[in-house]
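> 3D model of this:
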Amino acid sequence: MSIFASQVAAVLFLLFSATAAHFISQKIKFPYTISLVILGAILLFITKIFPFISFIENFTLTPELLFYVFLPTLLFEAGYNIKATRLLENIRSISLLAVFGLLISASIIGVFLKYLILFLFSVDIPILITLLFGAIISATDPVAVIALFKEYGAPKRLTLIFEGESLFNDGTAVALFFVILALISEVGDKSLIYSIPEALLIFATMIVSGVMFGLLMGFLFSKALKLTQSSNFQMTIMLLMAHSTFFLSELVNHQFETLGAKLHVSAIIATAVASIMMGNYGKYMIKPKIEKYSHMFWDYFAYIANSLVFIALGFLAIKLVEYPDYIKYAALAVVIVAFARFVSVYLALLPLYKSKENLPNSWKLLLSWGSLRGALAITMALMLPDDLHVQNWPFDDISVKEFILILTIVSMYFTLSIKALTISPLMRKLKIDSLSSTEKMEETEAKALIYPSLLKELNKLKEDKKISSATYEKIKHDIVAQNRLCKKDWNKNRKEDFELSIRYFALGIEKETLQDLFSKSELTDKAFRKYVSKIENRKRKLIQKDSLRFSFIDTDLVFAKGVKRIVDFFKTDDELSSKDKFLYYRALFISSNKVLSELENLLDIDYFSSKNRKKILDKIISEYKEFKNKSKEKLDEITKKHPEFISLEEKMALQALKNKEQEILDSLLNRNLITESVYKNFDDKLNIN
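Numbers count the residues shown, from 1 in each chain. So this is what the prediction gives:
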């Protein structure tokens, strides 16, 4: 078997093993990522017993594979799913943790590790090496912990803060990693004290330039999505954006190094920022069904990448067997890393102590304990040069790279086993997974919507003679009893909770309608951004009222607005063209109509038609009727001045009919009512006039 064929066989075997591990972990409710690492370690030792499967060792985690193939994929998948507005509302806590928290953690690890090893083992390791390890191990991996957060119902804001920190501290960790590597090579020419200010300047420029370059790439690739509605083209554009942003950043860095310039671009931060822009702006330029498919594509792509990475991380267990004498240093490192994370979280968030954006202590504790390490830490350790050398290196039988790799592997195994398995009990102990009053109301409303539908379906089953009368009566009794409990829940919840939940529901309908109109080119960019900005402002006001749900009363709006002027892609000038205004008020009219239709449907359900709930619903319905009437007045004013917009509306109506016609045609083909030939012939002649 050729080397290439054996590598393909190794990947197929590992994917098959990962699928089996996924199935088993779901059955026994065990974290999937941990099961993959365990699987990798087991497979490695099995190959020693059964040589015929030794071909799986041909799949190795090279720095190039991790850094240039898997990492951009994982960064894009994480950034694409983050809401920019929520990110900006928590920008201070995220940036403090991602930048200052990481610097504090790396510094504590570097200093404590050096002097505790010296004190306990009488071994003097150069400070730059322990600082390098501090930079490597301070980057948090969100994959496993975010899955656990979502599974056990952690607050959305806490999940977003951890995800945002993990996304951006990857960039700051790599920036610090390269800066310290540069210091190691330069420290022989000049003093360390002289080099630090220059190193900090390079570190800052890497972060700032990474953000700016990411904004540029995200904007250009988002605009490129509008060139065609071809799903293959748009998926290719997204794939190109993730990897080309990363590669171009590295290419720019190489050119700067060639010219002797000190400017560097963080490839990770650039890719993360570009991905966030694509997920919050670019995705609205593609059709909803393509956007849904893209989510599935990137989720699957990230799943494959994570599966291979975490299994391969298990292979690294062989390093621990080769160097047993150094496990004691790694065990000490584990304790120091945990301590440094705890201190760095509390110190980094200290500026928010008297702010309304301050996090509860229970959240800080979970952020401290829930920091897992994974692919990026191993990537940086593997990227170290094999011949990396420092003066006064105390060990003869192990290189600098191998020493740091052992510390990293043990620290990673500890977080993926002990920490990951204790996150859920800790969440329950801290009562972080409990629902807020508004969420309890939403749960009650969901039941109130579901149970009547279940009764209708049950009646249909009885009419179709699919169930017996006894079964019907028994199930009906249970559903009616649950429905009765929903009505009683009103006495346990505040009227304010009901109103807030309905307003969230209405805003969700508005945004969904808006996105649909934009994807069908029935809104210009400016009109779209203006409407989204209005929706987010209204949502922010609701969040300020809903303090229990989001665990903070207000955001520092002055700070948030300052940041928004730079990075809020939804913000637009108040000055719109006549066409923009026409499309803006048309969208407002359509979305108001949609909300009114949905809210009026609620009144047909017993739970929502009771006196108190109906009063609140009527108030919100009245507001949307006013929105609808005002938007109609504005439309009439604009069309009076610009009668040519009437033909524009007719054109969009015809396009909507064409879309519907195509949808019906696709459905007929899928149900085998027409053949491919009929479909193609019909499709070629589609024409509504």
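
> where are the low-confidence patches of the stretch 501-650 of the chain?
Regions of the stretch 501-650 of the chain meeting the criterion pLDDT under 70 cover residues 544-575.

> mind listing what's buried in the host helix or strand of Val345?
Element membership for Val345 (DSSP states H and E) is helix 327-348. Within helix 327-348, the residues that qualify as buried are 329-330, 332-334, 336-338, 340-346, 348, counting by 16 or more other C-beta atoms under 10 Å. To be clear about C-beta, it is placed using only N, CA and C from the backbone, and glycine gets the same treatment.

> among the residues you listed, pick out the one closest to Leu14, please.
Ala330 (26.2 Å; C-beta to C-beta).

> contact partners for Thr422?
Trp369 (C-beta atoms under 8 Å, 6 or more residues apart in numbering).

> can we see that at 10 Å?
Residues counted as contacts of Thr422 (C-beta atoms under 10 Å, 6 or more residues apart in numbering) are 369-370, 429.

> neighbour-wise, which one of those leads?
Gly370 (25 neighbours; other C-beta atoms under 10 Å).

> that one contacts Ile418, correct?
No: between Gly370 and Ile418 there is no contact under C-beta atoms under 10 Å: 11.9 Å.

> ok, the closest residue to Ile509 other than its chain neighbours to Ala446 distance?
Leaving out its chain neighbours, the residue that sits closest to Ile509 by C-beta to C-beta, 6 or more residues apart in numbering is Val595, at 4.9 Å. To Ala446, Val595 is 18 Å away according to C-beta to C-beta, to the nearest Å.

> then Phe76?
32 Å.

> higher neighbour count, those two?
A direct count of neighbours by other C-beta under 10 Å for Phe76 and Ala446 places Phe76 higher, at 27 against 12.

> show me what contacts the residue nearest to that one when sequence neighbours are not counted?
Distances taken as C-beta to C-beta, 6+ apart place Ala242 nearest to Phe76, at 3.7 Å, with adjacent residues excluded. By C-beta under 10 Å, 6+ apart, the contact set of Ala242 is 71-77, 79-80, 217, 221, 271, 274-275, 278, 298, 301.

> please apply the same query to Phe55.
Contacts of Phe55 by C-beta under 10 Å, 6+ apart are 1, 3, 5-10, 13, 47.

> what about burial for those residues, which qualify?
6-7, 9-10, 47.

> for those, name the two members farthest from one another.
Every pair of the buried ones among the contacts of Phe55 checked by C-beta to C-beta; the farthest is Gln7 and Thr47, at 14.9 Å.

> quick check: the gap between Ile3 and Leu71.
With C-beta to C-beta as the criterion, Ile3 and Leu71 are 24 Å apart.

> now do the same for the residue most central in space within the chain: its pLDDT.
What sits nearest the mean C-alpha location of the chain, by C-alpha atoms, centre = their mean, is Ala78, with 3.6 Å. Among the per-residue scores, Ala78 holds a pLDDT of 83.

> contacts only, for the nearest residue in space to it that is not next to it in sequence.
Distances taken as C-beta to C-beta, 6+ apart place Leu167 nearest to Ala78, at 5.3 Å, with adjacent residues excluded. Contact analysis of Leu167 by C-beta under 10 Å, 6+ apart lists 74-75, 78-79, 82, 87, 94, 98, 140, 142, 268-269, 271-273, 275-276.

> right, and the helix or strand after the least confident helix or strand in the chain by mean pLDDT?
Across the helices and strands of the chain, mean confidence by mean pLDDT, DSSP states H and E is lowest for helix 557-567: a mean of 40. Remark: after helix 557-567, the chain's next helix or strand is helix 578-602, criterion DSSP H and E.

> domains in this protein, as residue ranges please.
Listed by automatic domain parsing, the domain ranges of the chain are 3-58, 63-430, 437-492, 495-642, 643-689.

> who are the neighbours of the host helix or strand of Leu201, in terms of helices and strands?
Following DSSP H and E, one finds Leu201 within helix 192-224. Counting contacts by 3 or more C-beta pairs under 10 Å, 6 or more residues apart in numbering; DSSP states H and E, helix 192-224 packs against helix 127-137, helix 156-186, helix 231-259, helix 267-280, helix 557-567.

> format these as TSV; extra columns: distance to Ala204.
Output for the helices and strands packed on helix 192-224, formatted as TSV (distance: least, C-beta to C-beta, whole Å):
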stretch	distance to Ala204
helix 127-137	15
helix 156-186	9
helix 231-259	15
helix 267-280	12
helix 557-567	16
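
> nearest to Val410, of the ones you listed?
Of the helices and strands packed on helix 192-224, the one closest to Val410 (C-beta to C-beta) turns out to be helix 127-137, at 10.1 Å.

> tell me which other helices or strands that closest one touches.
helix 102-121, helix 156-186, helix 192-224, helix 327-348, helix 375-383, helix 400-414.

> can you do 8 Å?
helix 102-121, helix 156-186, helix 327-348, helix 375-383, helix 400-414 (3 or more C-beta pairs under 8 Å, 6 or more residues apart in numbering; DSSP states H and E).

> and the nearest residue to Phe608 once chain neighbours are set aside, how far from Phe13?
In space, and not counting its chain neighbours, Phe608 is closest to Leu602: 4.2 Å by C-beta to C-beta, 6+ apart. Using C-beta to C-beta, Leu602 is found at 53 Å from Phe13.

> any weak-confidence spans in the stretch 1-150 of the chain?
1, 142-148, 150.

> change it to 80
Applying pLDDT under 80 to the stretch 1-150 of the chain flags the ranges 1-4, 29-33, 48, 52-53, 57-63, 66, 85-86, 89, 141-150.

> tell me where it has helices.
Listed in chain order, the helices of the stretch 1-150 of the chain (DSSP state H, counting those that start in this stretch) span residues 3-28, 32-49, 63-64, 71-80, 84-89, 91-95, 102-121, 127-137, 142-151.

> so what touches the third one?
Same thing as helix 63-64. By C-beta under 8 Å, 6+ apart, the list of residues contacting helix 63-64 reads 379, 382-383.

> what subset of those is buried?
Buried among the contacts of helix 63-64 (16+ other C-beta under 10 Å): 379, 382-383.

> output the buried ones among the contacts of Phe55 in a markdown table, with distance to Leu407 appended to each entry.
Listed next are those as a markdown table, based on distance: C-beta to C-beta, whole Å:
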| residue | distance to Leu407 |
| --- | --- |
| Ser6 | 32 |
| Gln7 | 29 |
| Ala9 | 33 |
| Ala10 | 28 |
| Thr47 | 25 |
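
> any idea how far Pro425 lies from Val337?
Counting by C-beta to C-beta - Pro425 and Val337 are separated by 21 Å.

> I meant to write Ile129 there.
For Ile129 relative to Val337 (C-beta to C-beta), the value is 15 Å.

> can you check Ser138 too?
8 Å.

> need the overlap of contacts for the two.
With C-beta under 8 Å, 6+ apart, Ser138 and Val337 have common neighbours 105, 109.

> sketch out the low-pLDDT regions of the stretch 151-300 of the chain for me.
For the stretch 151-300 of the chain, the stretches flagged by pLDDT under 80 are 151-156, 185-200, 226, 228-231, 256-263, 283-295.

> just want the angle from the helix or strand where Gln515 lies to helix 578-602.
In this assignment (DSSP H and E), Gln515 forms part of helix 495-519. Using axes from the mean of the first three to the mean of the last three C-alpha atoms, to 10 degrees, the direction of helix 495-519 lies 140 degrees away from that of helix 578-602.

> which of the residues in helix 495-519 are classified as buried?
Quick answer for helix 495-519 (16+ other C-beta under 10 Å): 497-507, 509-511, 513-519.

> before we move on, what about stretch 657-666?
Leu665.

> next one: stretch 201-217
202-203, 205-207, 209-215, 217.
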